[in-house]
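**Student:** whatever this is, show me its structure:
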Amino acid sequence: MILLLLFFELVSPTNIPPVPACEHLRYTYSTRGVPQYDIPGRPVQGVGLQFCASGPSCCTRSIEQRLGSWSERQYRDAVFNRTTSMAAEIEDKAQKIDEYVYSLLNKAQRSFHEMFIRTYGTMYQKNANVFQEYFKDLKVYYDKGILDLTYTTTNFFRILYQKMFQVLNSQYTFDTKYLRCVADNMEGLQPFGDVPRKLASSVKRSLVAARALVKALKTGHDVANIMTRVEPSEACLTAVKRMSSCPACQGLPEVKPCNGYCINIMKGCLANYYQIDTVWTDYIEALLGLTERLSGPFNVEMTIDPISIKISDAIMNFQESGFQVTQKVFEVCGTPRLGRRSAQSSQFVFEKRLEKIHRTPSRPTKSEFELLLMELKRKLKGVEEFWSVLPYQMCDTQIEKPYRKIRDRSSCWNGQHVGAYEEKVLEDGFSNQADNPEVPVSSEVHPVLVEERTRLQSLTSQLRSAYRGLDIEWWDDPRKGPRDTQGDEGSGDPGLYDDEDYSEGSGTYRGSGDEDYYTSDYDEELVVPYWHKDRTPPSVDPFNPTTETGHTMRPETGGSSGSRSRSRSLYKAVVTFLLPMFTCYVGGMFASLPLIFS
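**Tutor:** Below is the predicted model of the structure:
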């Protein structure tokens, strides 16, 4: 019985004796960078080994060093690859959203131009630069962030208001002072209704949120990559070498480290990463919140797509209240001097709102933009606790952070021999690693971690501001050049820009179009975007808008009745167009009578 018990004790898996030869290690050693001629045929006395126990061993000092170097490379590569892979996925999602938003702006500009040409013809073409400059400013903001979007939208409608006011009252002559008075009273008169206010608000919060999301994702990618530059301590590398190399030196290359043993080493090695774990979680939560906003009330797709409809409605609001607005302007600014109407005046008068055929079609259940955001949310939730989960993933991809009760195999390497790991597996967190039994952890914080932690905190604050629809500041990369938009992009001086410094009230920034803000030369050279430069503008009857296919709309009935209908329509349109001018002209004559008889 005693002999039988002794036999079981000898063959117990927790007491596997070292093999009497080292020949079977040739392949394993060679794959880890050990030349076959250095491998001893039989165990030798491990005298002078640095991190493995002395005694019978298949390692000499040279072999131990080579195995240790291989273990260090494996550790460094694993940390680097996992971190950069996570960062690359974030960067990929940011790039896709960035490209989609920018293509959305380009598409909206192109669709707006084509839609207004089909609907309003040469009347729009003569003033296309006013509208195209607005789209250009939206793209300049999204690309560089150097414009105040509220001011940009308000400024667009002020320029549009000036041009339309001059054309609707072309029998008068307006000087710079008078036009300034006209523009200064736009807010009180609201010639476009509440469209400018609503459009300015929705455009601002949507583009600010979209730009903040993309910038924050790209900055998070940079932070993760910088984290790979944090050098592991010598104590960490020694523990890694001991865990990975010593089983092979004992002739047991296939024996895995005990889970608890490996996790304690990884927590000690990656203890510094806990320094940014909390702020990283806050950063991811802020990203998720802003993503939800962009999926709902700040949806940039729902803001940019219908811009043409909103601008068309604003124009028609002004035309419908044009006479009343003119009279109020005359009361506030005075009656201008009558002048000769130029035969070359640009007819900035639109006869109808956009037909339903031109309006935005019904959207699918989930748009491409919303699908991109859904995929982004899924990815962000997977990396929310990346730094605290990383030690578990380094040991075994099947072990996740919630799996607290680490159960070890009975035949695993516990740091000394094959057997169970008896030490306590430490909790997560930097402070808990002070008592790490495998890797001494310094209480000093790495300078890089201090900088990146501050960076993430600032980033989270920006995201929360964008979530609330507020203006944000952003550092742009000074090495970044303008986006390639075939000459359609403005150039801006990158850097830190405070939107408040460029608000309308400060007067320190003026949007595009300000150089001719108070000029009366509204018959400018025709400006056509680059995608239409080679096209011949169609000949369009101002009172007969074209259909979407480009053919003239025909009456439903034919014969003489149709002819009379067209005549009545034309007569009505002419009367509607000329009556306000005639009324203003007669009023001006009566206003001048005292001067004639004086």
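
**Student:** okay, CA-based contacts and neighbour counts for the rest of this
**Tutor:** OK.

**Student:** who's in contact with the closest residue to residue 49 other than its chain neighbours?
**Tutor:** Computed as C-alpha to C-alpha, 6 or more residues apart in numbering, the closest residue to residue 49 that is not its neighbour in sequence is residue 61, at 5.4 Å. Contacts were defined as C-alpha atoms under 8 Å, 6 or more residues apart in numbering; by that measure residue 61 touches 46-50.

**Student:** ditto for residue 44
**Tutor:** When contacts are taken as C-alpha under 8 Å, 6+ apart, residue 44 is in contact with 55-60.

**Student:** which parts of the stretch 51-200 of the chain are helices?
**Tutor:** Under the criterion DSSP state H, counting those that start in this stretch, helices of the stretch 51-200 of the chain are mapped to 61-120, 122-125, 128-144, 149-168, 176-184, 186-189, 195-227.

**Student:** those helices: lowest mean pLDDT?
**Tutor:** Within those, the least confident segment by mean pLDDT turns out to be helix 122-125, at a mean of 83.

**Student:** pull the contacting residues for residue 277.
**Tutor:** Residues counted as contacts of residue 277 (C-alpha under 8 Å, 6+ apart) are 385-388.

**Student:** residues touching the nearest residue to residue 78 once chain neighbours are set aside, list them.
**Tutor:** Once its chain neighbours are removed from consideration, residue 78 has its nearest residue in residue 394; the separation is 7.2 Å (C-alpha to C-alpha, 6+ apart). Contacts for residue 394 were tallied using C-alpha under 8 Å, 6+ apart; they are 78-79, 266.

**Student:** may I have the secondary structure class of residue 394?
**Tutor:** When classified by DSSP: H, G, I helix; E, B strand; the rest coil, residue 394 comes out as helix.

**Student:** what's the span of stretch 184-202, first residue to last?
**Tutor:** Separation of the first and last residues of stretch 184-202 by C-alpha to C-alpha, to the nearest Å is 23 Å.

**Student:** same question for stretch 49-66.
**Tutor:** 12 Å.

**Student:** give the buried residues for it.
**Tutor:** Buried residues in stretch 49-66, defined by neighbour count with 16 or more other C-alpha atoms under 10 Å: 49, 51-53, 56-60, 63-66.

**Student:** can I get the helices of the stretch 51-200 of the chain in JSON lines including distance to residue 286?
**Tutor:** Converted to JSON lines, those look like this (distance: least, C-alpha to C-alpha, whole Å):
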{"stretch": "helix 61-120", "distance to residue 286": "15"}
{"stretch": "helix 122-125", "distance to residue 286": "43"}
{"stretch": "helix 128-144", "distance to residue 286": "20"}
{"stretch": "helix 149-168", "distance to residue 286": "23"}
{"stretch": "helix 176-184", "distance to residue 286": "40"}
{"stretch": "helix 186-189", "distance to residue 286": "36"}
{"stretch": "helix 195-227", "distance to residue 286": "10"}
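
**Student:** which of those helices sits closest to residue 254?
**Tutor:** Across the helices of the stretch 51-200 of the chain, the minimum distance to residue 254, taken as C-alpha to C-alpha, is reached by helix 61-120, at 14.3 Å.

**Student:** measure how the closest one sits relative to helix 128-144, angle-wise.
**Tutor:** With axes from the mean of the first three to the mean of the last three C-alpha atoms, to 10 degrees defining the directions, helix 61-120 sits at 160 degrees from helix 128-144.

**Student:** got the angle between helix 61-120 and helix 195-227?
**Tutor:** Inter-element angle recorded for helix 61-120 and helix 195-227: 170 degrees (by the same axes, to 10 degrees).

**Student:** what comes into contact with stretch 426-434?
**Tutor:** Everything outside stretch 426-434 that qualifies as a contact, by C-alpha under 8 Å, 6+ apart, is 264, 267-268, 271-272, 274-275, 388, 436, 440-443.

**Student:** same thing but at 6 Å, please
**Tutor:** In this structure, residues lying in contact with stretch 426-434 by C-alpha atoms under 6 Å, 6 or more residues apart in numbering are 271, 274, 441.

**Student:** hmm, back to that, identify whichever of the helices of the stretch 51-200 of the chain lies nearest to residue 305.
**Tutor:** helix 61-120 (5.9 Å).

**Student:** quick one: closest of the helices of the stretch 51-200 of the chain to residue 328.
**Tutor:** Going through the helices of the stretch 51-200 of the chain one by one, with C-alpha to C-alpha as the measure, helix 186-189 comes closest at 7.8 Å.

**Student:** could you give me the buried positions within the closest one?
**Tutor:** Applying a neighbour-count criterion of 16+ other C-alpha under 10 Å, the buried positions in helix 186-189 are 186, 189.

**Student:** could you list every helix and strand that that helix packs against?
**Tutor:** Packing partners of helix 186-189 (3 or more C-alpha pairs under 6 Å, 6 or more residues apart in numbering; DSSP states H and E): none among the helices and strands.
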